[in-house]
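>>> Starting from these lines, generate the structure:
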Amino acid sequence: MKKLILTAVIILSLALALSADVYLKTRVTTDPITAYGQTIPARELYTEQWISDDFYLNSSESLTYLLDIKKNLFCIISQTTKSYIETEFPVDLVTLLPQEMSQTAEALQQMTISARQTGEAKVIDNIRCQEYKLEMTMMMYPIEMTVWASEELPVNLKNFLEKIQPEILKLQLRVAGQAVSEIQKIKGLWIAYEVKAEMMGMEVKSRAEVVEFSKKPAPAGLYVLPPGYRKKDRLEMEDFKWF
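Residues are numbered from 1 along each chain as shown. Prediction:
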């Protein structure tokens with residue numbers, strides 16, 4: 001009887017391990033911003049990523065990306081406006097922008113980026129990362145970015161890194177055209193990054209770092225649309241409060 005119980009426990013443990021998803025929790029901090037005599041306080045928030053064979057979810061307090069890999073169906077979910085967009089993957093962000101942001105859409109197309117590996121390495125949370133420098137120009141404003149990325153991961157994320165992460169980064173960085181190929185020079189999972197931007201007399205500094213990298217079963221109902229959210233065809237201006 002004890003052997004049967006032990007066998008059952010082992011089988012259950014294996015089943016849980018096989019069904020576990022990769023979970024990433026990232027801390028994002030922004031320094032205080034002073035502009036026109038006013039100061040925006042420093043801010044700290046957390047984002048979560050869940051990666052499985054069938055789904056990918058990237059969630060923050062205001063915006064969520066949900067990808068059904070098997071159906072090739074991608075949803076941008078806005079907690080701000082309690083709404084969502086449903087489209088095919090990969091996504092052309094420019095086509096989803098509000099009509100009022102036509103000039104922004106043009107600026108995104110004209111963004112320039114140059115990326116290079118520095119040869120420097122850094123260990124972050126026991127993961128050996130390579131350092132990359134990015135120099136970006138958007139609407140004539142310079143943006144400097146340092147990224148630490150790694151291919152030396154404790155789990156196999158080959159499919160995610162090759163097919164999903166590049167498209168998610170395009171959305172998050174709002175890049176298009178020539179900029180896409182430069183982003184693809186960064187190899188591996190983004191573990192940490194720092195950003196420094198200067199625009200309209202303001203200096204913006206922020207940084208992010210993965211603070212939890214684990215494998216565990218996803219909560220029930222994680223990969224579904226929130227009930228009661230309305231479906232729409234394009235993003236709205238209100239969605240860009242934190243976009």
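>>> and the nearest residue to residue 201 once chain neighbours are set aside, what is it in contact with?
Excluding its sequence neighbours, the residue lying closest to residue 201 (C-beta to C-beta, 6 or more residues apart in numbering) is residue 35, at 6.3 Å. Every C-beta, even on glycine, is put in place using the N, C-alpha and C of the backbone. Neighbour list for residue 35: 200, 201, 202 [criterion: C-beta atoms under 8 Å, 6 or more residues apart in numbering].
>>> May I ask you to name the longest strand in the protein?
Of all the segments assigned as strand in the chain under DSSP state E, the longest by residue count is strand 202-216.
>>> now residue 193, what's its secondary structure?
Classification of residue 193 into helix, strand or coil gives strand, according to DSSP: H, G, I helix; E, B strand; the rest coil.
>>> picking up where we left off before, please tell me which one of the contacts of residue 35 counts the most neighbours.
Neighbours here mean other C-beta atoms under 10 Å. Within these, the largest count is held by residue 202, at 13 neighbours.
>>> which phi and psi does residue 99 have?
Summarising the backbone geometry of residue 99 under the convention degrees, to the nearest 10, its torsions are phi -60, psi -30.
>>> Check residue 96 too.
Main-chain torsions, residue 96, degrees, to the nearest 10: phi -100, psi 0.
>>> pLDDT score assigned to it?
We note a pLDDT of 88 for residue 96 in this prediction.
>>> Tell me which residues touch it, please.
Listed by C-beta under 8 Å, 6+ apart, the contact partners of residue 96 are 76, 85, 87, 234, 235.
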